[in-house]
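>>> This is a predicted model, with the sequence first.
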Amino acid sequence: MNREPAKKRSGKKYGNHSTQGETARIVVEFLEVSVTSILFLKGLYPPGAYERRRYLNLLVHKAIHPGLRDYIYTSVNGLFPFVEKGLIEKVAVIFYGHDNIPLEKFIFKLQVNQSHGSEVEETQLESSLRSLLVKLSVSDTLTKVLPSDCRWEIAAYFPSLGDTDAMNATQFWIPTGTKQWCQPSLITPIKSISSEPLALQLYLEHPPE
């Protein structure tokens, strides 16, 4: 994560010509912070792998280990054109056991209203995202203790892509080899927000008992 988010422009509204692009920028920055927050919450890396910074008037953690920082930044920012066009269904942080079977998933379910025609109030949207980050930071009691040898990855869920540019962009994403659970997963909601043009749900998925 080699850049700081753009400074908050209090009360600024964006006309329809830039709504999708500005919303995508906000979402990508939010996901970058959220992924790092999840990793810190799970305690997979020592505290020295992070530094504290301010985002949306909250103290959050930023990865400073080069490999960790670059993986998060590259993966999440690669989603920008898909978020902008409303082509992302879900973004997940998935934790695996040694058998490559998921142990826990943090799921961000996204919906960007492409037909939203009115102006977007950035402060309202960021206020909603801030409330989600607060809820995420205290969700450790809902999660499972993971083994020390677990691994993790960022995964994106795309619908069928008919747009040529979008299809070309997905070449940078590798199909995941994630094994599926035999039974429906156990879902634990964390927080849902709706602030036009964005609707976002954050929830946990665990294997069936």
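It's in.

>>> what ranges do the strands span in this structure?
Using DSSP state E, the strands of the chain run over 13-14, 50-55, 58-63, 90-96, 102-112, 120-121, 151-157, 186-195, 198-206.

>>> Geometrically speaking, which residue is the centre of this protein?
Central residue of the chain (CA atoms, centre = their mean): residue 31, 3.4 Å from the mean position.

>>> State the distance from it to residue 101.
25 Å (CB to CB, to the nearest Å). C-beta: built from backbone N, CA, C; applies to glycine.

>>> before we move on, what about residue 83?
Residue 83 sits 29 Å away from residue 101 when distances are taken as CB to CB.

>>> between the two, which one's more packed in?
residue 83 (24 against 12; other CB atoms under 10 Å).

>>> Go ahead and confirm the more buried one touches residue 110.
Yes: using CB atoms under 8 Å, residue 83 is in contact with residue 110, at 6.9 Å.

>>> Need the overlap of contacts for these two.
Counting by CB atoms under 8 Å, 6 or more residues apart in numbering, the common neighbours of residue 83 and residue 110 are residue 27.

>>> got the strands of the chain as a markdown table, with distance to residue 20, mean pLDDT and mean neighbour count columns?
Converted to a markdown table, those look like this (distance: least, CB to CB, whole Å; pLDDT from 0 to 100; neighbours: other CB atoms under 10 Å):
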| stretch | distance to residue 20 | mean pLDDT | mean neighbour count |
| --- | --- | --- | --- |
| strand 13-14 | 10 | 37 | 15 |
| strand 50-55 | 22 | 96 | 14 |
| strand 58-63 | 25 | 96 | 17 |
| strand 90-96 | 17 | 95 | 20 |
| strand 102-112 | 7 | 94 | 20 |
| strand 120-121 | 10 | 70 | 18 |
| strand 151-157 | 18 | 93 | 17 |
| strand 186-195 | 15 | 95 | 14 |
| strand 198-206 | 10 | 95 | 18 |
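
>>> biggest helix in the protein by residues?
helix 19-42 (DSSP state H).

>>> Next, the angle strand 102-112 makes with that helix.
Counting by axes from the mean of the first three to the mean of the last three CA atoms, to 10 degrees, helix 19-42 lies at 160 degrees to strand 102-112.

>>> And helix 19-42, what's buried?
For helix 19-42, the neighbour count (16 or more other CB atoms under 10 Å) marks 19-20, 22-42 as buried.

>>> angle of that helix against strand 186-195?
140 degrees.

>>> Do me a favour and average the pLDDT over helix 19-42.
For helix 19-42, mean pLDDT is 93.

>>> mind checking how far that helix is from the chain centre?
In terms of CA atoms, centre = their mean, to the nearest Å, the centre of helix 19-42 is found 5 Å from the chain centre.

>>> Can you check what angle separates it from strand 151-157?
Using the same axes, to 10 degrees: helix 19-42 against strand 151-157 is 160 degrees.
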